[in-house]
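S.K.: Whatever this is, show me its structure:
(one chain, ligands or ions: 2)
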Amino acid sequence: MKVSFIGTGSMGSILIDSFVRSGALEPSQIAISNRTFAKAEQIAVRHPGMRAYPDNVDAISGSNLIFLCIKPLEFKNVIDEIRASVQPEQMIISITSPVLLAHLEEWLPCKVAKVIPSITNLSLSGASLCMYSARVLMEERQMLEGLLSHISEPIRIDEKYTRIVSDLSSCGPAFMAFLLQQFVDAAVEETGIDRDEAVRLASNMLLGTGQLLTEGGMTPEMLQERVSVPGGITAKALTMLGNELDGVFQRLIKTTHAKFREDLEKVDQSFTVIR
Ligand SMILES: NC(=O)C1=CN([C@@H]2O[C@H](COP(=O)(O)OP(=O)(O)OC[C@H]3O[C@@H](n4cnc5c(N)ncnc54)[C@H](O)[C@@H]3O)[C@@H](O)[C@H]2O)C=CC1
Ligand SMILES: O=C(O)[C@@H]1CCC=N1
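M.R.: Ligands and ions are numbered 1, 2, ... in the order given. A predicted model of the protein is given here:
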């Protein structure tokens, strides 16, 4: 199998490094390109045998899978660039939510899919959210998910839920890190505890909590109940949190969805040109 990555920024480089580190792909199976070529070159130097190209068209030649790891408004430009060279049996995969399968189907003469990764894939954990065009055969879906399973749990989703599953799986790590940072900042401010120590404690706590909620078989409700001694300190603080955070996550979801609709409109406009 040969795999190409167009765009080697934050998420592109995470996917490339994770596929190699997990043993899913040999560097020689990977071809990459990036607008700033030096960035792609640096990644190829880290992985001897990987090929970096200054030209996107050269990077996709002969590949089975082509990940487009670029921002939504770059899609039309890149698609215009590569369309004439794409072969019908190749699969092009968008990793961004506001580019719809319908956009890809209309503008690309090949298999198309959408896979939303997560920064958690860097630690070979978390999900990859998979959506497919009807053009992609069952065995091709299984082949892609087989590859993704080396770095994540591939989960098939309905495209109409793209935004909310991306919030939970891909934006979620940033949201949780933000809450943890707030917790630590308050600990330092209120008690004078050393910041590094507080970060270490809180981060280990988050890891353990995640493990209990996954392989530990606990639900969020069970976990809270087990920590909260009746009439105790945690119970009191949880009641306060419940009151203070009332409606916060509804507003968060409204915010991400409003921005998504804005991006979608811009992406739509970028694809709506006279051919
Ligand atoms: N950062 C994250 O945790 C996640 C990001 N994504 C999606 O991944 C996409 C990329 O995000 P990031 O990697 O964070 O952004 P980034 O800005 O770090 O990377 C984008 C890369 O694309 C390159 N690029 C732009 N135009 C190009 C062109 N015409 N040809 C070749 N390369 C080009 C840029 O030079 C840059 O290196 C976004 O659409 C985002 O929604 C999805 C899930 C998680
Ligand atoms: O396209 C998206 O919405 C993803 C999720 C996290 C960052 N970008």
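S.K.: Beta-bridge partners for residue 3, please?
M.R.: residue 30, residue 65 (DSSP bridges).
S.K.: Roughly how far does it sit from residue 167?
M.R.: 27 Å (Cβ to Cβ, to the nearest Å). C-beta: built from backbone N, CA, C; applies to glycine.
S.K.: Neighbour count: these two, which is higher?
M.R.: residue 3 (22 against 19; other Cβ atoms under 10 Å).
S.K.: Check whether that one really touches residue 25, as I assumed.
M.R.: Yes: the pair residue 3 / residue 25 is scored as a contact, 6.1 Å apart, by Cβ atoms under 8 Å.
S.K.: which neighbours do the two share?
M.R.: Listed as contacting both residue 3 and residue 25 by Cβ atoms under 8 Å, 6 or more residues apart in numbering are 19, 147.
S.K.: Do a quick rundown of the helices in this structure.
M.R.: Read by DSSP state H, the chain holds these helices, from start to end of the chain: 10-21, 37-46, 56-60, 75-82, 101-107, 138-148, 162-166, 172-191, 195-213, 220-227, 233-244, 248-271.
S.K.: Return the list of helices and strands in contact with the second one.
M.R.: In this case it means helix 37-46. helix 10-21, strand 30-33, strand 51-53 (3 or more Cβ pairs under 8 Å, 6 or more residues apart in numbering; DSSP states H and E).
S.K.: now check the longest one, is it near ligand 2?
M.R.: This points to helix 10-21. No: taking Cβ under 6 Å from any ligand atom as the criterion, helix 10-21 and ligand 2 are apart, separated by no less than 7.5 Å.
S.K.: Give me the buried positions along that helix.
M.R.: 11-20 (16 or more other Cβ atoms under 10 Å).
S.K.: For the helices of the chain, could you give me a markdown table that also reports mean pLDDT?
M.R.: Shown next, in a markdown table, are the helices of the chain (pLDDT from 0 to 100):
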| stretch | mean pLDDT |
| --- | --- |
| helix 10-21 | 97 |
| helix 37-46 | 97 |
| helix 56-60 | 98 |
| helix 75-82 | 96 |
| helix 101-107 | 96 |
| helix 138-148 | 98 |
| helix 162-166 | 97 |
| helix 172-191 | 98 |
| helix 195-213 | 98 |
| helix 220-227 | 97 |
| helix 233-244 | 97 |
| helix 248-271 | 97 |
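S.K.: hmm, back to that, out of the helices and strands packed on helix 37-46, nearest to ligand 1?
M.R.: Closest to ligand 1 of those is helix 10-21 (Cβ to the nearest ligand atom; 3.5 Å).
S.K.: helices and strands around that closest one, which ones?
M.R.: strand 3-6, strand 30-33, helix 37-46.
S.K.: so for the second one, what's the average pLDDT?
M.R.: Read that as strand 30-33. Here strand 30-33 scores 98 as its mean pLDDT.
S.K.: what does it contact?
M.R.: Outside strand 30-33, the residues that reach it (Cβ under 8 Å, 6+ apart) are 2-6, 8, 12, 16, 19-20, 40, 43-44, 47, 50-56, 58-61, 63.
S.K.: returning to what we had before: closest one to residue 251 out of the buried residues of helix 10-21, please.
M.R.: residue 11 (26.2 Å; Cβ to Cβ).
S.K.: Return the residues in contact with residue 153.
M.R.: 126-128.
S.K.: what do you get if the cut-off is 7 Å, keeping everything else the same?
M.R.: residue 127 (Cβ atoms under 7 Å, 6 or more residues apart in numbering).
S.K.: one step back: quick one: which of the helices of the chain is nearest ligand 1?
M.R.: helix 10-21 (3.5 Å).
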